[in-house]
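K.L.:
3D model of this:
(one chain, ligands or ions: 2)
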Amino acid sequence: MTTRPILIHPDPRLKTVARPVDRVTPEIGQLAEDMLATMYAAPGIGLAAPQVGVLARLFVMDCVKDKETPARPMVLINPEITWTSEETATYEEGCLSIPEQYAEVTRPAKVRMRWLDLDGTTREEEFDGLWSTCAQHEFDHLNGRLFIDYLGPIKRQLITRRMQKLKREKARA
Ligand code: K1U
Ligand code: ZN
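P.N.:
Ligands and ions are numbered 1, 2, ... in the order given. I've put the predicted structure just below:
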């Protein structure tokens, strides 16, 4: 299990629509394992393949926060949204590709998704609360959409400039 570097916005790979996974191969299993290791190490509650530079439609998440509840690492391959609630929820989101920047985003409060797991079995589940927010945030990554795309142009540009500065500083270090 290896951690992989996480791409920082702006990067064209984070704006690209990812391609479906043809077959759940051992390489996909290895990628999913590395993504979970990278997500837990960050730390984060989700991670999509484009964030580690792989333009394939899969993401991982584990939104269990309290220490008493066992971890629930999930791998969603070729996810589809099959239903969203009319009720909405607003959550202050962050993104591992946009470090230390947070903003409120309003999304459907509940979402139903269908996906393939690592055995190639089709799964379907309804998510709510943080799981729903995270699943929609990760699904957006597969379509080249970031949470800052929900903000107005001034806030979005401000955050993008901060990230450009961060990347310049990192390149110099
Ligand atoms: O996709 C990502 O960049 C991961 C992102 C997911 C996410 C966070 C908040 C709302 C929606 C989606 C993160 O994990 S940011 C880090 C984070 O939220 C966190 C880190 C440690 C403990 C708890 C949360
Ligand atoms: Zn993100």
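K.L.:
Give me the helices and strands touching the biggest helix by length in the chain, please.
P.N.:
Across the chain, the helix with the greatest residue count (assigned by DSSP state H) is helix 153-172. Other helices and strands packing on helix 153-172, by 3 or more C-beta pairs under 8 Å, 6 or more residues apart in numbering; DSSP states H and E, are strand 98-108. (Glycine included, C-beta is placed from N, CA and C.)
K.L.:
Neighbouring strands - and their directions - for the strand it packs on?
P.N.:
strand 88-95 (antiparallel) (DSSP bridges).
K.L.:
before we move on, the earlier item: near ligand 1 at all, the longest helix of the chain?
P.N.:
No. Helix 153-172 stays clear of ligand 1 (C-beta under 6 Å from any ligand atom), getting no nearer than 12.8 Å.
K.L.:
Could you check that helix and say which residues are buried?
P.N.:
156, 159, 160, 163, 166 (16 or more other C-beta atoms under 10 Å).
K.L.:
can I get the residues you listed in JSON lines with pLDDT?
P.N.:
As requested, these are exported to JSON lines (pLDDT from 0 to 100):
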{"residue": "156", "pLDDT": "98"}
{"residue": "159", "pLDDT": "98"}
{"residue": "160", "pLDDT": "98"}
{"residue": "163", "pLDDT": "98"}
{"residue": "166", "pLDDT": "97"}
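K.L.:
Distance to residue 149 added to those residues, as a markdown table?
P.N.:
Converted to a markdown table, the buried residues of helix 153-172 look like this (distance: C-beta to C-beta, whole Å):
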| residue | distance to residue 149 |
| --- | --- |
| 156 | 7 |
| 159 | 11 |
| 160 | 11 |
| 163 | 14 |
| 166 | 19 |
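K.L.:
so how far is residue 50 from the residue nearest the centre of the chain?
P.N.:
Nearest residue to the geometric centre of the chain (C-alpha atoms, centre = their mean): residue 138, 2.9 Å. According to C-beta to C-beta, to the nearest Å, residue 138 and residue 50 sit 10 Å apart.
K.L.:
can you list the residues of the chain near ligand 1?
P.N.:
So the chain meets ligand 1 at 43-48, 91, 93-97, 133-134, 137-138, 141 (C-beta under 6 Å from any ligand atom).
K.L.:
And the strands in the chain, which stretches?
P.N.:
46-48, 58-61, 74-84, 88-95, 98-108, 111-116, 122-127 (DSSP state E).
K.L.:
can you list these in a markdown table and add mean neighbour count?
P.N.:
Formatted as a markdown table, those follow (neighbours: other C-beta atoms under 10 Å):
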| stretch | mean neighbour count |
| --- | --- |
| strand 46-48 | 28 |
| strand 58-61 | 26 |
| strand 74-84 | 17 |
| strand 88-95 | 16 |
| strand 98-108 | 16 |
| strand 111-116 | 19 |
| strand 122-127 | 14 |
